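Kindly generate the corresponding structure for this input.
(2 chains, ligands or ions: 2)
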Amino acid sequence: MPGAAVAAGRWPGWIRRLSTAQRPSFGRIALNGAAGLSLGFILLPLVFVIWLAFFRQEIPSFPPEGYSLKWFAAVPGQKAFVDGFILSLQVGVLATLIGLALGVPASLALVRHRIPLGPLVNTLLLLPLVMPGIVLGTALYVFQIETEIATGWPVLGSAGGLIAAHTLVVVPWVVRLVTASLAGFDRTIEEAAQNLGAGPWKTFWRVTLPSIRPGIVAAGLFGFVTSFGNLEMSLFLVGPGRTTLPIAILQYLEWKIDPTVAAASVIQIVLIGTAMIITDRYVKLSRVV
Amino acid sequence: MARLSLTHLQKVYGDFNAVDDVTIDISDGEFLVLLGPSGCGKTTTLRMVAGFVPPSAGKITIGERDVTVLPPWKRNCGLVFQSYALFPHLTVAENVAFSLEMRKVPHAERAPRVAEALRLVQLSGFDERYPRQLSGGQQQRVALARALAMQPDVLLLDEPLSNLDAKLRQEVRVEIRDLQRKLGLTTIMVTHDQEEALTMADRLVVMEKGKVRQIGNQRELYERPADRFVAGFIGRSAFLDGEATAPGRFRSRGGLDIDVGAAAGTGAATLALRPERISVAAEAGTCVNRFEARVEHVSYLGALLDIDVRLSEHDRMLLQLPNRQGSIEPKPGDTITIGWAEDAGLVYPREP
Ligand SMILES: Nc1ncnc2c1ncn2[C@@H]1O[C@H](COP(=O)(O)OP(=O)(O)OP(=O)(O)O)[C@@H](O)[C@H]1O
Ligand SMILES: [Mg+2]
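Ligands and ions are numbered 1, 2, ... in the order given. Just a heads-up that it's a prediction; the model follows:
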């Protein structure tokens, strides 16, 4: 008897809410509709990529002729993908660590001290986030060439040059998330620590840092994801034999469009998704972002 | 545990004197209460002792140590914050052990000292909880235990009870006082709750606008207020404006001539009377100062009746009568006789 099931509350929550909610207002319907539409718009390509990765035929066409896991098996065979993955991982981790080492002190200075032109510095640090990747890439390309000419050091196409550029796109995440954490931080617990005998360093390590840890973890995660997935800017800066995963995928697509690329993307999606879920267990991402 | 001295202590913000020439000596084991209206500089004084506010002038010594320019972490003052300021990411035991950790007390010694501090505040068994899992009163005790565990030379309390409900406040008051006595802790507490101040203090400091108005015990403050401000701030007083005409003589604005005990200079002055020193009706018969008064307003306060009376066109004052069985209960419009002894009236020069 379905009626009994409803009464016993065995239906999923959202169905119960639908049946018991008072008549929803037009505004609410419109809002939910718009939110749903946007979400669908964002998720649709993902859904297609995932679907495609399981197609049996080589040339993607609808409807699929059948399903197979062979493209996943093919990914490790693509040396370009494996190397790209390793390089992207290395660059992402290093850029994230450097970005944190620069961004956390910068955030502290911006929030805690009245530094000259503070708001301007803040905006500058956030700028790479809104700058189109192509523009950023071009600018860095020119800059690195000029640096090479001026100093004679091989900058363009070097690992250092690439990591420096990626650090640039990590820093805005760090500054944004860490300044937000610091702004809501009650400084009397720092005074309490000092009162109990902790000098400035001890106070920072034992009290300040643990309190803003959620912001830092989230910043590291988003910074890493941004670096890992960066294509446009990296295109200008990679050197021969030094190809990041997004670029490797792009290059592969110039010759072939078989679902290996889709399978590689699915692996990426799963890895990043897992990282987010694990992080979310320790710090509620929805609270800091 | 040590003597604490503040000498000519001053804090200036811009051109505003938040604390102005404060000199206080607190003896070993004494419980001193800083009392005064909001914004008078109590917290600023306390924070100067703790080292969070650098004094503009003056000196602070704890025992033999001059700590005036020492940073907070070298002062060994246990401060209990009004908001408690517990570390949210540490358990109760870790909070209490924090000072021991900072001083590199050997691990083996920490546990017993933490247990002892928690036992003192009756929170044994709460070691593994986090601050958010405690009630306000329990958090307050953890803050106290945390300050006690460091074995401070002086204990500083900034309105430690203001976030507790009335009943709990009564209990914690007694507990803090007992602990302080037992440990012989030199203590400064800030409050603007007069009852709290009177019940807890060995001595009180009344501050106003950054200045110390009077230092003394409860009896001294109540019976010999140093000035008109203190007379009005500690307990209640009835005031009559007028002038001191001769030593021992006071004439009110309305022209009443009043005998007062203590000699004062002449000139514009205010007479202060404690309401309970004023007698009414037959009891007033033997008083030197005796006047007819017209009852204007009566407030029933249970144990007491507050009565506004008018002595003359320009003189009004407040009486307090105990609400006893069979005592008279004046009504507005009645005329009653009131009187007081010569030594009941204190005369203060009018403040500009
Ligand atoms: N950092 C500061 N800058 C400027 N003025 C300040 C500063 N800190 C305190 N003051 C001023 O100094 C005066 C004394 O402040 P304080 O906090 O000591 O008062 P208080 O006696 O503790 O009052 P309350 O009972 O309301 O807590 C106040 O008028 C306050 O506005
Ligand atoms: Mg205060």
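
Near the residue in the stretch 151-289 of chain A positioned nearest to ligand 1, how many other residues are there?
Proximity of the stretch 151-289 of chain A to ligand 1 (CB to the nearest ligand atom) peaks at A:Arg187, 13.0 Å away. Quick note: C-beta positions are derived from backbone N, CA and C, even for glycine. As a burial measure, A:Arg187 scores 13 neighbours (other CB atoms under 10 Å in any protein chain shown).

which stretches of the chain have low pLDDT?
Just going to use chain A. A:1-24, A:284-289 (pLDDT under 70).

sorry, should have said chain B
Judged by pLDDT under 70, chain B has its weakly predicted residues at B:1, B:262-264, B:325-327, B:352.

For the longest helix seen in it, buried residues please.
Longest helix in chain B, counting residues (DSSP state H): helix B:166-183. Buried positions in helix B:166-183, judged by neighbour count with 16 or more other CB atoms under 10 Å in any protein chain shown: B:169, B:172-173, B:176-177, B:179-180, B:183.

and if you look at stretch B:183-190?
B:183, B:185-190.

With stretch B:125-137 instead?
For stretch B:125-137, by 16+ other CB under 10 Å, it's B:126-127, B:129, B:131, B:134, B:137.

List the contacts of B:Asp257.
The contact partners of B:Asp257, by CB atoms under 8 Å, 6 or more residues apart in numbering or on different chains, come to B:245, B:249-251.

Can you tell me which of those are buried?
B:249-251.

for those, which one is nearest ligand 1?
Among the buried ones among the contacts of B:Asp257, B:Phe250 lies closest to ligand 1 (CB to the nearest ligand atom), at 33.4 Å.

any idea how far that closest one is from B:Ile258?
Here B:Phe250 is placed at a distance of 5 Å from B:Ile258 (CB to CB, to the nearest Å).

Tell me if A:His166 really is in a helix.
Yes - using DSSP: H, G, I helix; E, B strand; the rest coil, the assignment for A:His166 is a helix.

which residues touch it?
A:91-92, A:94-95, A:227, A:230, A:234.

ok, now how distant is it from A:Glu148?
A:His166 is 19 Å from A:Glu148, by CB to CB.

and if you look at A:Ile272?
34 Å.

Residues of chain B that sit close to chain A?
B:50-52, B:71-79, B:81, B:83, B:85-89, B:98-99, B:102-103, B:146-147, B:150 (CB under 8 Å from any CB of the partner chain).

among those, which ones are buried?
Buried among the residues of chain B next to chain A by 16+ other CB under 10 Å: B:50-52, B:72-73, B:75-79, B:81, B:85-87, B:89, B:98-99, B:102, B:146-147, B:150.

Filter those residues down to the ones in strands?
Using DSSP state E, the subset of these located in strands is B:77-79.

Could I get the buried residues of helix B:166-183 in JSON lines, plus columns for distance to B:Arg203?
Shown next, in JSON lines, are the buried residues of helix B:166-183 (distance: CB to CB, whole Å):
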{"residue": "B:Arg169", "distance to B:Arg203": "21"}
{"residue": "B:Val172", "distance to B:Arg203": "21"}
{"residue": "B:Arg173", "distance to B:Arg203": "17"}
{"residue": "B:Ile176", "distance to B:Arg203": "16"}
{"residue": "B:Arg177", "distance to B:Arg203": "14"}
{"residue": "B:Leu179", "distance to B:Arg203": "18"}
{"residue": "B:Gln180", "distance to B:Arg203": "13"}
{"residue": "B:Leu183", "distance to B:Arg203": "18"}
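
Closest one to ligand 1 out of these, please.
Nearest member of the buried residues of helix B:166-183 to ligand 1, counting by CB to the nearest ligand atom, is B:Arg169, at 16.3 Å.

Pretty sure the closest one sits against B:Leu161.
Yes - between B:Arg169 and B:Leu161 there is a contact at 4.7 Å, judged by CB atoms under 8 Å.

joint contacts of the two?
In contact with both B:Arg169 and B:Leu161: B:Glu196, using CB under 8 Å, 6+ apart.

B:His8 belongs to a strand?
Yes - if the criterion is three-state DSSP, then B:His8 is within a strand.

How about the contacts made by it?
For B:His8, the contacting residues are B:21-23, B:57-59, by CB under 8 Å, 6+ apart.
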